[in-house]
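Q: Return atomic coordinates for the entry below.
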Amino acid sequence: MGLLDDKVVLVNGGSQGVGAAIARAAVREGAIVSVTGRRPAPGEELVAELTASGGKAMFIRADLSDAEQARTAVGDVVAAYGRIDCLVNSAGLTSRGTLLDTTPQLFDQHIAINLKAPFFAMQAAVADMVSRKSPGTIVNIITSSAHGGQPFLAPYVAAKAGLIGLTRNAAHAHRWDRVRINGLNIGWTATEGEDATQKTFHGADDDWREEAAAKLPMGKLGQPDEIADFVVFLLSERSGVVTGSVIDWDQNVLGGLD
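A: Residues are numbered from 1 along each chain as shown. Below you'll find the model as predicted:
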């Protein structure tokens, strides 16, 4: 038996990167998976891959910067399958900005994707779980940068730090509903999005991953499939009663100094 047999799972931002890896792992563990994304091509390609392997999957086109679309995506899952058992908020915006050069528009973009979308997706998912009096699980993909981060991540850090507080608040509020809500502070991860970010904002060459890996303790960046396995564990009953936890999934030790 899989860890998520017959569970209905929605992965927001699931058409590529960490989200796609989570979708693959969830299907492997027996889940019925829906993924959201702004661009149909990668989302539909992923769904074709998942269904070709015998899984059950659906793509929902959604711009999560619009809170109503974040809620509607949950509604689409409930309409299709009668319920939602698990939610993963994996969508993220990492465009750069410092305290001094961030515009109100850039700040609002980060809040919309990194905080507002998870809030209203959780609102809709928890409402379904509570209305059915059924337990459920949610995992929010956050970031180790939420503890402070680099100067050029000011709006990103502000929004993701808010998501840490939201994760704990919602977990506390709905513990008696048996809705478990946890977060994962992931570190530097090898994804398509990170490749674009490094090249766009930092002038990186094609071999930036190898150069970065050589400077990291474990000799590699975080891998999406490894993160996905951890997320599936948190979504599943194997993670027991844990709720309100925000786990640092990184190879740098907070507070450690050389």
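
Q: Mind telling me which residue is nearest the centre of the protein?
A: The centroid of the chain falls nearest to Ser90 when counting by Cα atoms, centre = their mean (1.7 Å).

Q: dump the residue contacts of that residue.
A: Residues in contact with Ser90, defined by Cβ atoms under 8 Å, 6 or more residues apart in numbering, are 11-14, 17-19, 22, 141. For every residue, glycine as well, the C-beta is placed using N, CA and C.

Q: any chance of those in CSV, with pLDDT, secondary structure and distance to Ala170 too?
A: Listed next are the contacts of Ser90 as CSV, based on pLDDT from 0 to 100; DSSP: H, G, I helix; E, B strand; the rest coil; distance: Cβ to Cβ, whole Å:
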residue, pLDDT, secondary structure, distance to Ala170
Val11, 98, strand, 18
Asn12, 98, strand, 15
Gly13, 95, coil, 19
Gly14, 92, coil, 20
Gly17, 92, helix, 24
Val18, 94, helix, 21
Gly19, 95, helix, 20
Ile22, 97, helix, 19
Ile141, 97, strand, 15
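
Q: So which of those wins on neighbours?
A: Within the contacts of Ser90, neighbour counts (other Cβ atoms under 10 Å) peak at Val11, which reaches 33 neighbours.

Q: distance of it from Leu166?
A: 18 Å (Cβ to Cβ, to the nearest Å).

Q: returning to that earlier point: and the contacts of Ser90, which two are furthest apart?
A: Taking Cβ to Cβ, the two most distant members of those are Asn12 and Gly17; they sit 12.1 Å apart.

Q: tell me the contacts of the closest residue to the residue nearest to the centre of the chain other than its chain neighbours?
A: Excluding the flanking residues, the one nearest Ser90 by Cβ to Cβ, 6 or more residues apart in numbering is Gly19, at 3.7 Å. Counting by Cβ under 8 Å, 6+ apart, Gly19 touches 11-13, 35, 88, 90-91, 141.

Q: From Ile247, how far out is Gly19?
A: Gly19 is 18 Å from Ile247, by Cβ to Cβ.

Q: And Ile181, its phi and psi?
A: Dihedral angles of Ile181 (phi, psi; degrees, to the nearest 10) stand at phi -130, psi 120.

Q: Over to Trp249?
A: When read as degrees, to the nearest 10, the backbone of Trp249 gives phi -110, psi 80.

Q: That one bridge partners, please.
A: As for beta bridges, Trp249 partners with Ile186 under DSSP bridges.

Q: which element is the residue lying closest to His174 once chain neighbours are set aside on?
A: Leaving aside its chain neighbours, His174 sits nearest to Val126 (5.8 Å; criterion: Cβ to Cβ, 6+ apart). Element membership for Val126 (DSSP states H and E) is helix 117-132.

Q: what's the distance between stretch 34-53 and the middle of its chain?
A: In terms of Cα atoms, centre = their mean, to the nearest Å, the centre of stretch 34-53 is found 16 Å from the chain centre.

Q: hang on, isn't Val246 packed against Ala171?
A: No - Val246 sits out of contact with Ala171 when judged by Cβ atoms under 8 Å, with a separation of 9.4 Å.

Q: Quick one: neighbours of Ala158, just the number.
A: Residues lying near Ala158 (other Cβ under 10 Å) number 19.
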